[in-house]
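Peer 1: Structure for this input, please:
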Amino acid sequence: MFAQINKNINNLPLVSNERKEVLTPLVQFIQNKVNKNQVINLNFICTHNSRRSHLSQIWAQVMAYNYNINNVYTYSGGTEATRMNGTIVNTLVDFGFKIQQLSDNNNPTYAIKYTNNWLPIIGFSKKYDNDFNPVSEFGAIMTCSQADGECPFIAGAEGRFPITFEDPKAYDDTPLEKEKYAACCLLIASEMNYIFSTVKK
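Peer 2: Predicted structure coming up:
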């Protein structure tokens, strides 16, 4: 793990009891998979697959690695495809990730590394049912209320978990943009940390 990411993990805020209750069903889903030695596919879904779903996907993969929870593969998608938000990319760099842009178009693809000798996470905007994502035997985590409402049924999902976060998009092009994106990143990191620290191997 890169030193800056590890430092940030060690200084994450505590998760409230109220949010722990929200997170518990996903913890149980992952724990059940671990107990059965099954692959754990997690698809984090938001409206545009631009901000919160990417942060959740990335931090979930990092925390699985951090706590040595094996066979975890994280994905993300939206009810529509747009692009991975540039401020999200910059925020992740600030948190210690090394990011390489692999394509230069309206929906660029990024390789996101959190440790030297492990596969990077591939980040780009896509629909939740894109061929890049699993088609069955996965948990669908709804990271925004709009996507949760627009997707009453996720084909192939073994479980559906509404774990929503406020959208930092509201602060785009304001003096608070950098601060609010960092706060969103920190919040999602803390909750993914709680989830995987709770799972017993």
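Peer 1: For the spatially most central residue of the chain, give me its contacts.
Peer 2: For the chain, the residue sitting closest to the mean C-alpha position, by CA atoms, centre = their mean, is Ser56 at 1.6 Å. Ser56 is in contact with 44, 76, 141, 143, 163, 165, 188, 192, counting by CB atoms under 8 Å, 6 or more residues apart in numbering. Backbone N, C-alpha and C define where each C-beta goes, glycine included.
Peer 1: In which helix or strand does it reside?
Peer 2: helix 52-66 (DSSP states H and E).
Peer 1: Render the CA-only coordinates of that helix in PDB, please.
Peer 2: Listed next in PDB are the C-alpha coordinates belonging to helix 52-66 (Å, rounded to 0.1, in the frame of the first residue of the first chain):
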ATOM      1  CA  ARG A  52     -19.700   8.400  -5.600                       C
ATOM      2  CA  SER A  53     -19.800   5.100  -7.300                       C
ATOM      3  CA  HIS A  54     -16.200   5.400  -8.400                       C
ATOM      4  CA  LEU A  55     -15.000   6.400  -4.900                       C
ATOM      5  CA  SER A  56     -17.000   3.500  -3.400                       C
ATOM      6  CA  GLN A  57     -15.600   1.000  -5.900                       C
ATOM      7  CA  ILE A  58     -12.000   2.100  -5.400                       C
ATOM      8  CA  TRP A  59     -12.100   2.300  -1.600                       C
ATOM      9  CA  ALA A  60     -13.900  -1.100  -1.300                       C
ATOM     10  CA  GLN A  61     -11.100  -2.700  -3.300                       C
ATOM     11  CA  VAL A  62      -8.400  -1.000  -1.300                       C
ATOM     12  CA  MET A  63     -10.000  -2.100   2.000                       C
ATOM     13  CA  ALA A  64     -10.400  -5.600   0.900                       C
ATOM     14  CA  TYR A  65      -6.700  -5.600   0.100                       C
ATOM     15  CA  ASN A  66      -5.800  -3.900   3.400                       C
END
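Peer 1: Can you name the element that comes right after it?
Peer 2: Taking DSSP H and E, what comes next after helix 52-66 is strand 72-78.
Peer 1: Which positions in that next one come out as buried?
Peer 2: 72-78 (16 or more other CB atoms under 10 Å).
Peer 1: so what pLDDT did Pro134 get?
Peer 2: We have a pLDDT of 97 for Pro134.
Peer 1: helix, strand or coil for it?
Peer 2: When classified by DSSP: H, G, I helix; E, B strand; the rest coil, Pro134 comes out as coil.
Peer 1: Now do the contacts for it.
Peer 2: 41, 43, 73, 75, 156.
Peer 1: now, the most widely separated pair of those residues?
Peer 2: Pairwise distances across the contacts of Pro134 peak at 14.3 Å for Tyr73 and Gly156 (criterion: CB to CB).
Peer 1: Now the element after the helix or strand of the chain with the lowest mean pLDDT, going C-ward?
Peer 2: Lowest by mean pLDDT, DSSP states H and E among the helices and strands of the chain is helix 145-150, with a mean of 68. On the C-terminal side of helix 145-150, the closest following helix or strand by DSSP H and E is strand 157-162.
Peer 1: Kind regards, and thank you for your time.
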